[in-house]
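Novice: Kindly generate the corresponding structure for this input.
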Amino acid sequence: MESKIICVPGQKLCRVDPSYILGKGTYERDHFICSSLAGIVNINKNNGVTVIEVVGKNQLVVPAPGNTVTAQVVKISRQLCKCRIMSVDGYDLNQNYRACLKKENIRSKEIDQVDIAQCFRPGDIILAKVLPIEEANTFRLTTAKNELGVILANSEFGHPMIPISWTEMQCTVTDTVERRKVAKTVQKQN
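Specialist: Numbering: from 1, shown residues only. Model (predicted):
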């Protein structure tokens, strides 16, 4: 009878090896394949390649470096935004995770000219990527790609806004224009 290996998020499963492929529920960190879920480890061998994956019963998803997350901006300061992560790669989370988005990770160019108040406001919903973790209990985010940034926002009057450029959004009621670091959305082709 084969015993099942049960793991928790962040647990190291094995060293990275050319004959191993990362499957669902895993990520690479410090030359190890790690679990991003609480669940059971599945090892599948096909044509000399071994796929390591984690299958969770309740699909407890934890953000991992490289994941795309949806987060809400909670508070801004001159140096960073505090956020709460609400979903990871399209999976809604059962709990929210704290994250920070530092000034130097907002844009890939002209970093020294970034004004956080001109990029984000509390309440904005953003798309971001998770960076490698540096401190416990807080995930680091980046929006330094065109497809990352604000996806939903309300104006200072509380009305929904629509993007009109990569740096501006317009209120749908008052036509007021506000500055944001807008995510470049990809339009689906019919």
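
Novice: Skipping its backbone neighbours, what lies nearest G123 in space?
Specialist: N154 (6.1 Å; C-beta to C-beta, 6 or more residues apart in numbering). No exception for glycine: its C-beta is placed from N, CA and C like everyone else's.

Novice: Any idea what the one you found is bridged to?
Specialist: Applying DSSP bridges to N154 gives these bridge partners: P160.

Novice: my guess is it contacts I125, does it?
Specialist: No: counting by C-beta atoms under 8 Å, N154 does not reach I125; the two are 9.7 Å apart.

Novice: Where does the prediction get shaky in the chain?
Specialist: Within the chain, the stretches with pLDDT under 70 are 1-3, 57-60, 135-136, 186-190.

Novice: Walk me through the domains of it.
Specialist: 5-55, 68-179 (automatic domain parsing).

Novice: Mind checking the ones you listed for the one nearest to V61?
Specialist: Among the domains of the chain, domain 68-179 comes nearest to V61, with 4.6 Å by C-beta to C-beta.

Novice: what sits against H31?
Specialist: By C-beta atoms under 8 Å, 6 or more residues apart in numbering, the contact set of H31 is 15-16.

Novice: so how far is I162 from it?
Specialist: Using C-beta to C-beta, to the nearest Å, H31 is found at 44 Å from I162.

Novice: now do V150
Specialist: Distance of V150 to I162, given as C-beta to C-beta: 11 Å.

Novice: quick one: which of the two has more around it?
Specialist: Taking other C-beta atoms under 10 Å, V150 and I162 do not tie; V150 has more neighbours (22 against 11).

Novice: next one: the host helix or strand of that one to chain centre, how far?
Specialist: In this assignment (DSSP states H and E), V150 forms part of strand 149-152. Relative to its parent chain, strand 149-152 has a centroid offset of 13 Å by C-alpha atoms, centre = their mean, to the nearest Å.
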